[in-house]
Each structure stands twice: as structure tokens, then as C-alpha cells.
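have a look at this fold, sequence not included:
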Ligand SMILES: C[S@@+](CC[C@H](N)C(=O)[O-])C[C@H]1O[C@@H](n2cnc3c(N)ncnc32)[C@H](O)[C@@H]1O
């Protein structure tokens, strides 16, 4: 027999009127708090391309990418463990089904076959296959299902932006994210979840019928609490989502010692660094340690292959992971421990924009961070983050963007200085702002004639934007992961790979 709440709830549904201009989030364009930022980007991309980007930003990325931690498991075993996890812990059919939606790296390559691949040539094929095989062996891709079209027919809950974006990535709704709610919601009620777009909804706001301000629909769920209790407690799930716009697997804190969630462009960036046994490697801005731990994992695998080949001379490889922020360095250390990679990495709290400066105080640092001493330098520095998705509102302003690109130049100066002739420098950002990407590559090439761009293998994304200081040939050597490229459907990201010419 249905309980009283349920009956009351159904009565409310019948009375519920949908407001005319409700939109699904994926129908919205990402909005800019500072219109100058949008104009700045239109200057480089043009209006039409920028609109496509704004639309893609409100949508969930196409693949959830799981890096297998080969120290503690292998891909086959992880698939079994994940399958068991989904059977035991995920009640919703969709979440169980999503797990059957997994793809290999080759599936992804097939889907992007027609995109630009001018960065590689036939001579690169061997290396190309090696990298493809390794990514295939160590990575699981789960394709996002959606956008689906659940109907916003239940009493409304209004959540904040952070919460809304998390829901689009597969999360449920925690009390802390709920802003306003319909007066009649009880424990067990079905609710329609909306995210605020322009309006500031005060925490605890109550409304009758429906919410009148601008908001966007992100799915339906079941309330696990009476509405009065949303604001009494700051922890715990308030609403379990039952019908989503996008279904992607909720994997936060799942099998944490065996896997690591990492977007494809980040994984790709590390492979471009080509870590080898005996290398001295620096990850200049490393926290929380996603790329560092992939570097360490690749070195560990090379070491174990070399031991299997009875190579008794142990070659010393050094990996330095630096971050300016001490608390964040602790996070890198914890991650390395969790993935059993701590013996491979030296984590240090340092300002990487000053490593080779003459006033370097620490005598040990003078030795460690000598100029021309690193075989591999990764500079994945602080950036505006203008490529993160799903995102409904972008809040950075023009000053933030300028500060980012100027500070990146300081880090670039140090990266070039640290790199050994013949070594590899990889520069990356999770931004679509050309001033942090193509224009910074142009800055580097113009100021350091000893540096040259080299091909990325396999080249799986778009070429650099023209009109941003690079020649066509140079554009073809960099990788621009364009969020509006629906074949690959990643976050916005940029990668450039350089070497220092030997004298
Ligand atoms: C984009 S995040 C790096 C992400 C990381 N590479 C990963 O894949 O997990 C940029 C990092 O740069 C750090 N950072 C900012 N300024 C720095 C500086 N001067 N020296 C070193 N690290 C810095 C920030 O604390 C932040 O953790």
C-alpha cells in the first residue's frame, strides 16, 4: 500500500505547472559572469565556434576515464572488481548498465579517425603503436549515456552551481548543495532538480507551486529527507537521483588503491613526456599528483620489464614532484602512498618559478635544480581552468586570464632553463584561452631559439588555433582538445611538446 507521503506527493504532481522558459542544462550555453571574457575568446575563436564551445561546456564529457593502477592490479582484474562493485552497491539499473558501456582506446581512436593527425608521420608508426598499446592496456573508458530527457514534472528542488555540476558528473545531492525547495516535499517524495543560473537563491528558501527565477533542469530524484531537514544537516545525501540527463558512473572513492580517475588529455600529456629508465624528471606543478603518479607507474613498469629481462644493472631514475602549496604536497605524498608508488617520487614544496634563480638559498636545491640538468620537464601549471566541464557559469575575469598567462611565462622560463639539451619539455593547460596556450608557445619559441616544437604521437586532437602567433606547421604540432569536438568529447585542454637543440 502506498504511504501517505506518496499519495500527497502524487497529488502535488498533478497540480504542478512547469514554467514556460525551463531549459535542460544541455540546451543552455555556458554563461560568462564577465562578458569581457566572452568577447576576448570570440576575438580568437569567432562567434559561431565560441557558441559551439559554450554549448558543449554545459554537457558532460563523453568518457569517464579510469587509469588502472598497475602496481596493485591489472585491467582484467579491475574490470571484475568494478563489475562486482556495481552489482553490490549501485541500486539503479542505469548505473549497473553504464558499466557495460565501456570502450577501449582503439574504439576512441576509430571515432576520431577523421580528425587532424598531421602531427605524426609514417616514421613515427612504431612509437605510435607502442603508446596506443600501453594506453589500451592501462586505461578503461566508460562512455557517458545521454543527454536523456527525463521530464521536470515533480515539485522543485533548487541546488547551487557546484552541486549541479557534480550531479551532471554522476553524483547524488548532498544537503549542503540544496538552496531552495517546494514547501510540500517530504521524505520519499519524487523531486525535479534545477540548478540556479542567474539568481541568488537564499539557503532555505521555500516556494509554493514552482520557482519563478531562471534555472535549468538536471533530472529527477527521490528525497531521502523531509524538506525541513535539508538545512539542519550539512552531511549526507538529501536526494538520490533516479533519472538523469547524463548517466556516468559514480566512482569517487571507489577502489581507490587500484584505480585513478583521470581525463584522457591528462593521460595523453604524460605519454608525450616519454618517461624512460635513467631519466631525471621534474613535474614542476604536480598537485594533486595525477600526472606524477602516471609517470611513476610507467617507470615502475619499465623497471619490472627490465628485471624480467635479467638486466641486473639497476638504472637510477629520479622523479621530482613539486608544488608551491605545502598542503597540496601532502596530497601528492598521500596519493603516491595509496597507489604504492611512493618509493619512486621525491615530493617537495617549492616555488617552481624560482628554481634556478641565483639567490637560491638551499645548497641541496642548487645541486638538484641545476640548469640543463633534466631529461624530462612537465609544466602543467596553474591556469584559468577555462576548459573544465560540465560548467554552467564561468566566473573568471580578464585580469585573472592575464595574470595566468603572465605567470605561466615565468614558469616557462624556468622549464626551459632546467631542460637538458636533447631532453623533452611538455607544456599543458586545462584552458581554451589562446593566451595561455598558442600565444605562450609563441612566447617560448620567440625567446628561446634553442627550443623547437616536436610532433606528438599519436596526435589525437585538433591543431592549434591559427592567428595566435604560430605558423600552420607549428599549429599542426600542438594538440588542442576542443570541448566542441564531439568525436572525442573531452574537457578543453592544450598540449605542446618541445626539445632543446643540442649545440
Ligand atoms: C593544474 S594544477 C596541476 C595538476 C597536476 N599536474 C595533476 O595532474 O595532478 C596546478 C598546480 O600548480 C600549483 N602551483 C601554482 N603556482 C606554483 C608555483 N609557483 N610553483 C609550483 N607549483 C605551483 C598549484 O598549487 C596547483 O596545484
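Happy to help now that I have it. Owing to the predicted nature of the structure, the values given are computational and were not obtained by experimental measurement. Residues are numbered from 1 along each chain as shown.

report the contact partners of residue 414.
284, 352, 353, 354, 355, 356 (C-beta atoms under 8 Å, 6 or more residues apart in numbering). C-betas here are computed from N, CA, C, even on glycine.

closest one of these to the ligand?
Using C-beta to the nearest ligand atom, the shortest approach to the ligand within these belongs to residue 352, at 3.6 Å.

I'd like to know how far the residue lying closest to that closest one once chain neighbours are set aside sits from residue 435.
Excluding the flanking residues, the one nearest residue 352 by C-beta to C-beta, 6 or more residues apart in numbering is residue 284, at 4.0 Å. Per C-beta to C-beta, to the nearest Å, residue 284 is found 20 Å from residue 435.

now swap in residue 131 and tell me
Distance from residue 131 to residue 435, counting by C-beta to C-beta: 30 Å.

residue nearest the middle of this protein, spatially speaking?
Nearest to the mean C-alpha position of the chain, counting by C-alpha atoms, centre = their mean, stands residue 263 at 4.7 Å.

next, give phi and psi for the closest residue in space to it that isn't next to it in sequence.
Leaving aside its sequence neighbours, residue 263 sits nearest to residue 491 (C-beta to C-beta, 6+ apart; 5.4 Å). When read as degrees, to the nearest 10, the backbone of residue 491 gives phi -70, psi 170.

any idea how far residue 491 is from the ligand?
According to C-beta to the nearest ligand atom, to the nearest Å, residue 491 stands 12 Å off from the ligand.

for that residue, report the pLDDT, please.
On the pLDDT scale, residue 491 is placed at 98.

who are the contact partners of it?
Residue 491 neighbours (C-beta under 8 Å, 6+ apart): 61, 263, 265, 387, 388, 389, 430, 481, 483.

just to revisit the earlier point, the contacts of residue 414, buried ones only, as a ChimeraX selection?
Those of the contacts of residue 414 that count as buried under 16 or more other C-beta atoms under 10 Å are selected in ChimeraX with:
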select :284,352,353,355,356
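
reformat the contacts of residue 414 as JSON lines; add distance to the ligand.
Output for those, formatted as JSON lines (distance: C-beta to the nearest ligand atom, whole Å):
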{"residue": "284", "distance to the ligand": "6"}
{"residue": "352", "distance to the ligand": "4"}
{"residue": "353", "distance to the ligand": "4"}
{"residue": "354", "distance to the ligand": "8"}
{"residue": "355", "distance to the ligand": "9"}
{"residue": "356", "distance to the ligand": "13"}
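
how many neighbouring residues does residue 499 have?
Using other C-beta atoms under 10 Å, residue 499 has 17 other residues around it.

where's it relative to the ligand, distance?
Residue 499 is 21 Å from the ligand, by C-beta to the nearest ligand atom.

just say helix, strand or coil for that residue.
Three-state call for residue 499 (DSSP: H, G, I helix; E, B strand; the rest coil): strand.

show the pLDDT at the closest residue to the ligand within the stretch 51-200 of the chain.
Nearest residue of the stretch 51-200 of the chain to the ligand (C-beta to the nearest ligand atom) works out as residue 67 at 11.3 Å. The model reports residue 67 with a pLDDT of 96.

pull the distance from the host helix or strand of it to the chain's centre.
Using DSSP states H and E, residue 67 falls within strand 63-68. Put simply, strand 63-68 sits 11 Å off its chain's centre (C-alpha atoms, centre = their mean, to the nearest Å).

what sits up against it?
Strand 63-68 has contacts (C-beta under 8 Å, 6+ apart) with 74-75, 78, 82, 103, 108, 137-144, 170, 248-249, 251, 258-264, 267, 294, 297, 489-490.

quick check, pLDDT for the residue nearest to residue 352.
98.

quick one: residues contacting it.
Applying C-beta under 8 Å, 6+ apart, the residues near residue 284 are 322, 352, 355, 377, 378, 379, 380, 381, 411, 414, 415.

got the phi and psi for the closest residue in space to the fifth one that isn't next to it in sequence?
I take that to be residue 378. Leaving aside its chain neighbours, residue 378 sits nearest to residue 283 (4.6 Å; criterion: C-beta to C-beta, 6+ apart). In terms of degrees, to the nearest 10, the main-chain angles of residue 283 are phi -110, psi 100.

adding secondary structure, distance to residue 469 and pLDDT, write the contacts of residue 491 out as a markdown table.
Formatted as a markdown table, the contacts of residue 491 follow (DSSP: H, G, I helix; E, B strand; the rest coil; distance: C-beta to C-beta, whole Å; pLDDT from 0 to 100):
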| residue | secondary structure | distance to residue 469 | pLDDT |
| --- | --- | --- | --- |
| 61 | coil | 29 | 94 |
| 263 | coil | 26 | 97 |
| 265 | helix | 22 | 97 |
| 387 | coil | 20 | 97 |
| 388 | coil | 25 | 96 |
| 389 | coil | 26 | 95 |
| 430 | coil | 21 | 98 |
| 481 | strand | 19 | 97 |
| 483 | coil | 22 | 97 |
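
tell me the one of those residues nearest residue 195?
The shortest approach to residue 195 among the contacts of residue 491 belongs to residue 389, at 14.4 Å (C-beta to C-beta).

my read: residue 174 touches residue 163, true?
Yes. At 7.2 Å, residue 174 counts as touching residue 163 under the criterion of C-beta atoms under 8 Å.

more neighbours: which of those two?
Neighbour count, other C-beta under 10 Å: between residue 174 and residue 163, residue 163 has more, with 26 against 18.

which pair of the contacts of residue 284 spans the longest distance?
355 and 380 (15.7 Å).

name the residues of stretch 387-406 that come out as buried.
Neighbour counts over stretch 387-406 (16+ other C-beta under 10 Å) mark 387-394, 396, 400-401, 404-405 as buried.

wait, I meant stretch 302-319
For stretch 302-319, a neighbour-count test (16+ other C-beta under 10 Å) marks 302, 303, 317, 318, 319 as buried.

quick one: which of those residues sit in helices?
302, 303 (DSSP state H).

with distance to the ligand and pLDDT added, can I get the buried residues of stretch 302-319 in TSV?
Shown next, in TSV, are these (distance: C-beta to the nearest ligand atom, whole Å; pLDDT from 0 to 100):
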residue	distance to the ligand	pLDDT
302	20	95
303	22	93
317	19	96
318	18	98
319	13	98
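
closest to residue 205 among the buried residues of stretch 302-319?
Nearest to residue 205 out of the buried residues of stretch 302-319 is residue 319 (C-beta to C-beta; 50.2 Å).

thank you, goodbye.
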